[in-house]
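1. Provide a 3D model corresponding to the input given below.
(one chain, ligands or ions: 1)
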Amino acid sequence: MSHPIVALTGASGACYGIRLLEILIARNLEPYVVVSPAGRQVMAVELGSGDLKDRLGESGYREEDVRDLTSPLASGSFETQGMVIIPCSTGTLGSIAHGISSNLIHRAAEVSLKERRRLIVVPRETPLSTITLQNMLTLAQAGAHIVPASPGFYHGPASIQDLVDFVVGRVLDLMKIPHQLTKRWTGMPVFISGDTILNSGIEEEN
Ligand SMILES: Cc1cc2nc3c(=O)[nH]c(=O)nc-3n(C[C@H](O)[C@H](O)[C@H](O)COP(=O)(O)O)c2cc1C
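-> Next up is the predicted model:
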């Protein structure tokens, strides 16, 4: 069985990566995980610890050292289910767009592209420079999915978790992993009178 690769880099939004990992682990997909040094720092700032074990426990995933270019993830001969970089810094995005494979995250992403495997990149930055926009276009043209960490609000989010789940749900959609993380849009609302809504346009969770 091949496994998905998940990388967490130093963009804000460590919660997105952790949430995706929780789901992949719960599905017994045994993801390979790589965290950049800046990713670890942002995890510590945002989640209180830069150690995956504090959020995920010790089993159900395999963590690779970002400096270890002897990792199986560095070779196209090692089969994987593709890679998600979540959150993805503009620095990592730029390195991959320009083929600069100076760590295991960049190299595994390069391998995903050259082997025509799925590469999903979840950048978080605002505003975006011309350079970053060009790098996003380069990656999209090379076959990557660019999924900005920008949750929608049409599904009636009531919590930060709902916003996180919106973004992670779109990533799972691209990975073809069924989920019920968020309510799906089923059409325009139908109003019966005034502002009383008969059909909100949102599919109920079941
Ligand atoms: C608290 C904190 C938040 C950051 N947020 C972002 C961000 O949202 N987007 C981004 O591209 N970089 C952000 N950075 C900067 C990156 O961490 C920095 O560019 C780093 O070199 C990225 O390295 P990496 O791509 O190897 O993880 C942030 C840094 C810190 C300390």
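2. from the chain's centre, how far out does stretch 30-40 sit?
-> 12 Å (C-alpha atoms, centre = their mean, to the nearest Å).
3. Likewise for stretch 106-122?
-> Counting by C-alpha atoms, centre = their mean, stretch 106-122 comes out at 13 Å from the chain centroid.
4. is that stretch up against the ligand anywhere?
-> No - using C-beta under 6 Å from any ligand atom, we find that stretch 106-122 stays clear of the ligand, coming within 8.5 Å at best. C-beta: built from backbone N, CA, C; applies to glycine.
5. Using PDB, list the CA coordinates for that stretch.
-> Backbone C-alpha positions of stretch 106-122 (Å, rounded to 0.1, in the frame of the first residue of the first chain) are rendered in PDB as follows:
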ATOM      1  CA  HIS A 106      11.100  20.500  -2.000                       C
ATOM      2  CA  ARG A 107      12.500  17.300  -3.300                       C
ATOM      3  CA  ALA A 108       9.400  15.200  -2.600                       C
ATOM      4  CA  ALA A 109       7.300  17.900  -4.300                       C
ATOM      5  CA  GLU A 110       9.700  17.800  -7.300                       C
ATOM      6  CA  VAL A 111       9.300  14.000  -7.400                       C
ATOM      7  CA  SER A 112       5.500  14.300  -7.300                       C
ATOM      8  CA  LEU A 113       5.600  16.600 -10.300                       C
ATOM      9  CA  LYS A 114       8.100  14.600 -12.400                       C
ATOM     10  CA  GLU A 115       6.200  11.400 -11.700                       C
ATOM     11  CA  ARG A 116       2.900  13.100 -12.600                       C
ATOM     12  CA  ARG A 117       1.500  12.400  -9.100                       C
ATOM     13  CA  ARG A 118      -0.900  14.600  -7.300                       C
ATOM     14  CA  LEU A 119       0.700  17.700  -5.700                       C
ATOM     15  CA  ILE A 120      -1.700  19.900  -3.700                       C
ATOM     16  CA  VAL A 121      -0.200  23.200  -2.400                       C
ATOM     17  CA  VAL A 122      -2.100  25.200   0.200                       C
END
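6. quick one: contacts of the biggest strand by length in the chain?
-> Longest strand in the chain, counting residues (DSSP state E): strand 80-88. Under the contact criterion C-beta atoms under 8 Å, 6 or more residues apart in numbering, strand 80-88 has outside partners 2-9, 11-14, 16-17, 20, 29, 32, 39, 42, 73, 92, 96, 105, 108-109, 112, 117-124, 149, 168, 171, 175.
7. Now with 6 Å, please.
-> 2, 4-7, 9, 11, 13, 16-17, 20, 108-109, 112, 117-124, 149, 171 (C-beta atoms under 6 Å, 6 or more residues apart in numbering).
8. Now, the residues you listed that are in strands?
-> 4-7, 119-123.
9. nearest spatial neighbour of the closest residue to the ligand within the chain, skipping sequence neighbours?
-> Per C-beta to the nearest ligand atom, Gly10 is where the chain lies closest to the ligand, at 2.4 Å. Excluding its sequence neighbours, the residue lying closest to Gly10 (C-beta to C-beta, 6 or more residues apart in numbering) is Ala38, at 2.5 Å.
10. What helix or strand is the one you found located in?
-> For Ala38, the host element (DSSP states H and E) is helix 37-47.
11. avg pLDDT for that helix?
-> Helix 37-47 shows a mean pLDDT of 98.
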